[in-house]
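# quick one, fold the following:
(2 chains)
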Amino acid sequence: MAEYANPDVLVSTEWVAEHQNDPAVRIVESNEDRALYTQGHIPGAVEIDWLIDLQNQDIRDYVDRAGFEKICRANGISNDTTVVFYGDQNNWWACYAFWVFKLYGHERCKIMDGGRKKWQLDGRSWSSERVSYPPTSYTAPEQDKSVRALRDDVLKHQKAGKNLVDVRSPEEYRGERLHMPEYPNEGAVRGGHIPGAVNIPWPLSVNEDGTFKSAKELEKLYCKTHNLKRRSPTIAYCRIGERSSLTWFVLKYLLGFGNVRNYDGSWLEWGNSVGVPIVKGGQPSASGETPAGT
Amino acid sequence: METVTDRIDRIVDEFADLDGREKLELLIDFANRLPPLPAPYQALKEQDAGRVHECQTPVFLWPEISSGGMTLIASVAEEAPTVKGFVSMLAEAVADRPQAEAGDLPDDLLERIGLTEVLGMMRSRGLQAITGRVRRELAAAG
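Next comes the predicted model:
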């Protein structure tokens, strides 16, 4: 595979610089560190925060359809706007926001390859000006369930022995990092991984400059080394669903996997759930693993 | 001279009545005021000493006690202005005060300055954990 399956889904920093004032394009920043946007963003970019804007803590879920429409309307996004996402941390949160936009069926979504890091490396300028756009009358459909796996979907998927990709660090996967000291809230009561999941840590998909690895390198990693099949249903997960939305993006758009979902509940839900199996230790082929704790 | 508690109260006053964006701007001011890492610590940092391993972003803390009182020497990655601003706030609060006041660093500082709503609970808990660590290490140092 010489090219990405959907090359149009990625744009370069140069493309973004050329489209800063294009009314058909809205540039959206989504970060781990909220102060970064205030400190400096791509001129004309709006901020949509994965936590404050896209989640509803009262129900521990995403905003509902009306909530999503409200965000788009307020940020001058119409149904036919091309939305380009970028952010810090190799675009984790940008991919996460992209994923939520796909959950609500927004058609024209792109990722700026390399995110904030690449924009900075390319020596492009930042702006700290407040931006606002005229409100739109955005309308969203109901959630597209084909991109999202819930806990019971994952349980069924796991029992059927289908592709599961754990994108966390090897230590988290093996269950050696049971809890994070000082961060009890983000910990899970059990350490390990979902039986049958292969461990492909997310950083293996990106280069030093924050851009995605080439189609050839990605294909080698996912399809050859780990033997994942494009036509087999696949679910990716991490700790809270952000790193795995980057892997979901890689599998679906760059490698062209036909059926891939992000398990956004991820280890924080699975590791704490009653009645679901886990295993500790290395990759399935190495350990000959059998479920424990069922 | 202001005590740790006086300084915390002053910081809380500075943040009062600001909107979310202004609070982040003030936080960035604090981040910009964090002194550069003194040369002797640069070598320690390169050896990964002082690293707060629980933080995803590189954060290095050296809570120390000298005859002049407490000092929080710190280095936080440029790409993490929120953490950097918060650490800088703690450093300003404890600077040159007696070790006995280490325990006066409050756990609810982020809440009192109104940043928990801007940052969300997931990010806030990580920052609050830094306060606990600094307080414990300052109390135990020397």
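# mind listing the strands for chain B?
For chain B, strands defined by DSSP state E occupy the ranges B:59-66, B:69-76.
# and those, which one's lowest on average pLDDT?
With a mean of 92, strand B:59-66 has the lowest mean pLDDT of these.
# got the CA positions of that one in CSV?
The C-alpha coordinates for strand B:59-66 follow below in CSV (Å, rounded to 0.1, in the frame of the first residue of the first chain):
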residue,chain,number,x,y,z
VAL,B,59,7.4,17.9,35.3
PHE,B,60,10.4,18.0,37.6
LEU,B,61,10.1,19.2,41.2
TRP,B,62,12.8,19.8,43.9
PRO,B,63,11.1,21.0,47.1
GLU,B,64,14.0,22.2,49.3
ILE,B,65,14.6,23.8,52.7
SER,B,66,17.5,26.2,53.4
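# give me the low-pLDDT residue ranges for chain B?
For chain B, the stretches with pLDDT under 70 are B:53-56.
# ok, and the closest non-adjacent residue to the residue sitting nearest the centre point of it?
Central residue of chain B (CA atoms, centre = their mean): residue B:87, 2.2 Å from the mean position. Nearest non-adjacent residue to residue B:87, counting by CB to CB, 6 or more residues apart in numbering or on different chains: residue B:74, 4.8 Å away. Placement of C-beta: from N, CA and C, glycine included.
# need the strands of chain B in TSV (columns: distance to residue A:121).
Below are the strands of chain B laid out as TSV (distance: least, CB to CB, whole Å):
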stretch	distance to residue A:121
strand B:59-66	23
strand B:69-76	21
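# wait, what's in contact with the closest residue in space to residue A:222 that isn't next to it in sequence?
Take residue A:222 and drop its neighbours on the chain: the residue closest to it by CB to CB, 6+ apart is residue A:228, 5.0 Å away. Residue A:228 makes contact with A:163, A:165, A:198, A:222, A:234, A:251, A:257, according to CB atoms under 8 Å, 6 or more residues apart in numbering or on different chains.
# which two among those are spaced furthest apart?
Greatest spacing in these, by CB to CB: A:198 and A:257 (14.0 Å).
# for chain B, what's the longest helix?
Looking across chain B with DSSP state H, the single longest helix is helix B:121-140.
# what does it contact?
A:32, A:34, A:51, A:57, A:182-183, A:185-186, A:240, B:52, B:54-55, B:59, B:61, B:63, B:65, B:70, B:72, B:82-83, B:86-87, B:90, B:94, B:99, B:102-103, B:105-111, B:115-116, B:119.
# just those: which are in helices?
Short answer: the contacts of helix B:121-140 in helices (DSSP H) are B:82-83, B:86-87, B:90, B:94, B:109-111, B:116, B:119.
# tell me the buried residues within these.
Neighbour-count burial within these applies to B:82-83, B:86-87, B:90, B:94, B:109-110, B:116, B:119; the criterion is 16 or more other CB atoms under 10 Å in any protein chain shown.
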